[in-house]
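> Pasting a predicted model and its sequence here:
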Amino acid sequence: MGTRSISLDSPNSLYERNLIDDSDKVNRSEERILKLHESNGLVEQSSSPLKREVINRLSYSLSMKSHENDEIDLEGGKLVKDKDKPTRSKGVIRVQNQALLSGIAYCISSCSMILVNKYVLSSYDFNAGISLMLYQNFISVIIVSMLRFLGLISTEPLTWRLIKVWLPVNIIFVGMLITSMFSLKYINVAMVTVLKNVTNVITALGEMYLFQKDHDSRVWAALFLMIISAISGGITDLSFHAVGYSWQLVNCFLTASYSLTLRRVMDTAKQVTKSGNLNEFSMVMLNNTLSLPLGLILIFVFNEVDYLTRTPLLRLPTFWLVVTMSGFFGSGN
């Protein structure tokens, strides 16, 4: 009558059992330490108070370390190991394999943008590729600006020093986008994808001569197969168009030049920034913002203004929906 019965299924009983287990661990740790000291001849008399006190302190520190690695869940009555908990940093869960996820996201956005651009240029028969590029870049600037305003990302401020350093990269960037639009007008998506492999070959050659980077035989074998695939695809292409292939080859050279120039300018650009770093969002903001005035000039040079005033496509809501989607996909590249 004087004792209180404890339910085995209650959280309190689980908590008490965990405490009993912890005390057992301390006792076993103490016994192991005693045996270790006795085997080394450090304990001559087991009843020595001074040495017993030293051993007790060692065992106590050992038990405290074991308690620090465990977290007691009072609601569930369980011990949760720190290693079993997901890694968190300031409330945000870190995603593993970020490189793999970024690569997959890039492939999806790149392929989607090519397909949407091909649909706009061919199915809608839109003959203003520079204007399409300009609108896509404008959408990218809006997206990055909104993310920065919400505090989700950070970008470097646009200074004249940074603009002057980045201007050669941006000119090649605009040429790369425009030639891609022109080639998609005449070539199917499959051949554009195959011919883009030529870019890798040009980039590898540029790295050899500009940065003295050597490639092993396996890399050259893979590049050789890319060239063979491009030549085989061009020969068997029933819808061969010389103008489209010419624009695509120019696009390959500009794409490779963009990668090589970006590598050369990156270190100088970081030195003229306030933080000493230039992340991906800052580069997206730089490229797309600087491309807007250059794109406006090219629209007048190629006389696309007259076409835009006459085409009925600009009055179709579905057309604006599609080109806006292409802008969203383009911001992910």
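Happy to help now that I have it. Everything numeric here is computed off the predicted structure, so don't read it as measured data.

> is it true that Leu177 touches Ser131?
No: if you go by C-beta atoms under 8 Å, Leu177 and Ser131 don't touch, sitting 11.9 Å apart. Yep, even glycine has a C-beta here, placed from its N, CA and C like the rest.

> residue ranges with poor pLDDT in the stretch 101-250 of the chain?
102, 237-238 (pLDDT under 70).

> Do a quick rundown of the helices in it.
129-149, 160-184, 189-195, 197-211, 217-235, 242-271 (DSSP state H, counting those that start in this stretch).

> Which one, of the ones you listed, ends up nearest to Pro312?
Closest approach to Pro312 among the helices of the stretch 101-250 of the chain is made by helix 129-149 (15.0 Å; C-beta to C-beta).

> Thr261 - nearest residue in space that isn't next to it in sequence?
Val169 (5.4 Å; C-beta to C-beta, 6 or more residues apart in numbering).

> just Val272 next, same as before
Nearest to Val272 is Arg161, by C-beta to C-beta, 6+ apart, at 4.3 Å.

> so how many other residues sit close to the one you found?
13 (other C-beta atoms under 10 Å).

> The chain should start at 9 in everything you say after this.
Understood, numbering begins at 9; the last thing we discussed is Arg169.

> Double-check it against Lys282; I have them as touching.
No: using C-beta under 8 Å, Arg169 makes no contact with Lys282, being 10.3 Å away.

> Now do the domain split for this structure, please.
19-95, 108-339 (automatic domain parsing).

> Could you say which of these is packed most deeply?
domain 108-339 (a mean of 16; mean count of other C-beta atoms under 10 Å).

> Model confidence score at Lys93, please.
If you check Lys93, the pLDDT there is 46.

> got it, and Gln279?
Confidence at Gln279, expressed as pLDDT, is 88.

> Please tell me how far it sits from Leu286.
Separation of Gln279 from Leu286 (C-beta to C-beta, to the nearest Å) stands at 10 Å.

> Surely Ala212 and Leu231 touch.
Yes: between Ala212 and Leu231 there is a contact under C-beta under 8 Å: 5.9 Å.

> Figure out the helix or strand that the closest residue to Leu322 other than its chain neighbours lives in.
The spatial neighbour of Leu322 that comes closest, neighbours along the chain excluded (C-beta to C-beta, 6+ apart), is Leu316 at 6.7 Å. Using DSSP states H and E, the element containing Leu316 is helix 312-318.

> residues contacting Val173?
Val273, Thr276, Ala277, Val280 (C-beta atoms under 8 Å, 6 or more residues apart in numbering).

> I'd like those as JSON lines, with distance to Leu304 appended.
JSON lines is the format used below for these (distance: C-beta to C-beta, whole Å):
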{"residue": "Val273", "distance to Leu304": "24"}
{"residue": "Thr276", "distance to Leu304": "27"}
{"residue": "Ala277", "distance to Leu304": "24"}
{"residue": "Val280", "distance to Leu304": "26"}
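
> just those residues now: which is nearest Phe310?
Val273 (27.4 Å).

> Pull the contacting residues for Ile180.
Leu262, Ser265, Tyr266, Thr269.

> ok, these vs Phe336, which is closest?
Distances from Phe336 to these, taken by C-beta to C-beta, are shortest for Tyr266, at 21.8 Å.

> That closest one touches Val182, doesn't it?
No: assessed by C-beta under 8 Å, Tyr266 is found out of contact with Val182, at 10.0 Å.

> quick one: contacts for Gly284?
Contacts of Gly284 (C-beta under 8 Å, 6+ apart): Lys278.

> Helix, strand or coil: sort out it for me.
Of the three states, Gly284 takes coil under DSSP: H, G, I helix; E, B strand; the rest coil.

> Tell me both backbone torsions, phi and psi, for it.
Note on Gly284: its backbone torsions stand at phi 80, psi 10 [degrees, to the nearest 10].

> what do you get for the one 3 residues further on?
According to degrees, to the nearest 10, the main-chain angles of Asn287 amount to phi -80, psi -180.

> Equivalent analysis for His223, please.
Dihedral angles for His223 - degrees, to the nearest 10 - are phi -120, psi 140.

> Look up how far Thr332 lies from the residue nearest to Leu322.
16 Å.

> Please apply the same query to Ser254.
Relative to Thr332, and taking C-beta to C-beta, Ser254 is found at 30 Å.
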